[in-house]
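Peer 1: Predicted model, plus sequence, below.
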Amino acid sequence: MSTSEVPEVPNAAPTGPDAIRTERVGEHLLVIRIDRPHRRNAFDGATARAMEATIDAYEDDDSLFCAIITGSDIVFSSGQDLIAAAYDDMGASPKRGGFGIMGKPPTKPVIAAVEGHALAGGLELCLACDLIVSSRTATMGIPEAARSLVAIGGGLFRLPKRIPYHLAMELALTGKAWSAERMAELGFVNKLTEPGEALAGAIELADEILAAGPLAVRASKQIVQRAYDWDDGDGWKNQMEYAAPVMASEDLKEGLAAFAEKRPAVWKGR
C-alpha cells in the first residue's frame, strides 16, 4: 500500500515533523527528541519519515559530528504505534527502514539517551545507535513474542551481538523487560545516570567524542560495525577503505601538531 493510500489514523497528532524535534547543542552536537506523548513515543509512518529526514540532514551537515536520540522523562519509545498499524500505517521509511534509522543508521555516531521504557521497537532503536546512556530506573526489552509478534526491527539479530547469546535468547523468548541496571551489567548500556539525567549524561559522553577527530571517529565507527563480518585477513585489507582518507586529511596534521604543541586540537572535519 502506498503512502497516499494509507487511511487516516484517528488522533495521530503529533506526528511527522511535529513529533521529531531537534536542538543544536554547541557547534557540533545535535539532540533529536521523539515527542509523541499520547502514543508513548511510538512510531507511525509519518514519524519514521520525519526521523529519516532528520538523520539525512545530520549526515549531510559537515559541521555536525555527533547526535543524541532521546524521548521524554517517562518513555524513550514504546515501539510501533499499534493503532497506526491497525490502519496499515507502519513506522518505516523508504531509505532507512524502521523508525527512519534501523535499516540504515548514519555513518556518524549516535547516542541513545534513555529514560523510562525502551521496549519493542524502542529497544531496537537503541540497537540502531552506537552508545547507550540510561537512567537507572529505565526498563528495556523486546516483548513481541509474548504477544505472538516477532521483533523485526533488528532486535533478534543485533541483540546477540551486544549481550551473551543465552541472555539475548531469554529476552527474545520470554518477552520480559529487564532493568537498565541489569543491561548495564551485561555491557549493553555504556553509562547509567540518576533518573532525569540521561540526556545530560549523553551530552557528557558526546563531549568526549567531540574531543576526538571527527573523520577518525566516523571511520572508526564504520570499521567496528563491520568487524563482525570480517576475519583478520578481511580486516587488514578492508579497514583501509575507511582509514586511508583520514590518514590524508588536514585533521591528521592538526591532531599531530596539537599533540606536539600541547594544545587542544581544532578540528575542521576535512
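Peer 2: Arrived safely, thanks for sending. Everything numeric in this text was worked out from a predicted model, so none of it was measured.
Peer 1: Going by neighbour count, which residues in the worst-scoring helix or strand of the chain on mean pLDDT are buried?
Peer 2: When each helix and strand of the chain is scored by mean pLDDT, DSSP states H and E, helix 250-261 comes last, with a mean of 91. Within helix 250-261, the residues scored as buried using 16 or more other C-beta atoms under 10 Å are Asp251, Gly255. Every C-beta, even on glycine, is put in place using the N, C-alpha and C of the backbone.
Peer 1: Stretch 55-66 now?
Peer 2: The neighbour-count check on stretch 55-66 (16+ other C-beta under 10 Å) flags Ile55, Tyr58, Glu59, Leu64, Phe65, Cys66 as buried.
Peer 1: Need the max-distance pair from those.
Peer 2: Within those, two members stand farthest from each other by C-beta to C-beta: Ile55 and Phe65, at 14.5 Å.
Peer 1: for the closest residue to Ile101 other than its chain neighbours, phi and psi?
Peer 2: Once flanking residues are discounted, Ile101 sits nearest to Ala128: 4.9 Å by C-beta to C-beta, 6 or more residues apart in numbering. The phi and psi values for Ala128, taken as degrees, to the nearest 10, are phi -80, psi -10.
Peer 1: Ala128: how many residues sit nearby?
Peer 2: The local packing of Ala128 (other C-beta atoms under 10 Å) involves 25 other residues.
Peer 1: Distance of it relative to Leu252?
Peer 2: Relative to Leu252, Ala128 is positioned 29 Å away (C-beta to C-beta, to the nearest Å).
Peer 1: just the CA coordinates of stretch 248-261, formatted as CSV?
Peer 2: This file holds the C-alpha atoms of stretch 248-261, laid out as CSV (Å, rounded to 0.1, in the frame of the first residue of the first chain):
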residue,chain,number,x,y,z
ALA,A,248,45.5,12.0,4.2
SER,A,249,43.3,14.6,5.9
GLU,A,250,44.0,18.1,7.3
ASP,A,251,42.7,16.9,10.6
LEU,A,252,45.5,14.4,11.0
LYS,A,253,48.1,17.1,10.5
GLU,A,254,46.2,19.2,13.1
GLY,A,255,46.0,16.4,15.6
LEU,A,256,49.7,15.8,15.4
ALA,A,257,50.5,19.5,15.6
ALA,A,258,48.2,19.9,18.6
PHE,A,259,49.9,17.0,20.4
ALA,A,260,53.3,18.4,19.8
GLU,A,261,52.3,21.9,20.9
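Peer 1: starting at the chain centroid, how far to it?
Peer 2: Stretch 248-261 sits 30 Å away from the centroid of its parent chain (C-alpha atoms, centre = their mean, to the nearest Å).
Peer 1: So what touches that stretch?
Peer 2: Contacts of stretch 248-261 with the rest of the structure, by C-beta atoms under 8 Å, 6 or more residues apart in numbering, involve Gly213, Pro214, Leu215, Ala216, Val246, Pro264, Ala265, Val266, Trp267, Lys268, Gly269, Arg270.
Peer 1: Please convert those residues to TSV, extending it with secondary structure.
Peer 2: Shown next, in TSV, are the contacts of stretch 248-261 (DSSP: H, G, I helix; E, B strand; the rest coil):
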residue	secondary structure
Gly213	coil
Pro214	helix
Leu215	helix
Ala216	helix
Val246	helix
Pro264	coil
Ala265	coil
Val266	coil
Trp267	coil
Lys268	coil
Gly269	coil
Arg270	coil
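Peer 1: Closest to Asn41 out of these?
Peer 2: Pro214 (29.1 Å).
Peer 1: quick one, what contacts the closest one?
Peer 2: Residues counted as contacts of Pro214 (C-beta under 8 Å, 6+ apart) are His28, Phe65, Lys108, Asp251, Trp267, Gly269.
Peer 1: Can you check what pLDDT the model gives it?
Peer 2: What the model reports for Pro214 is a pLDDT of 94.
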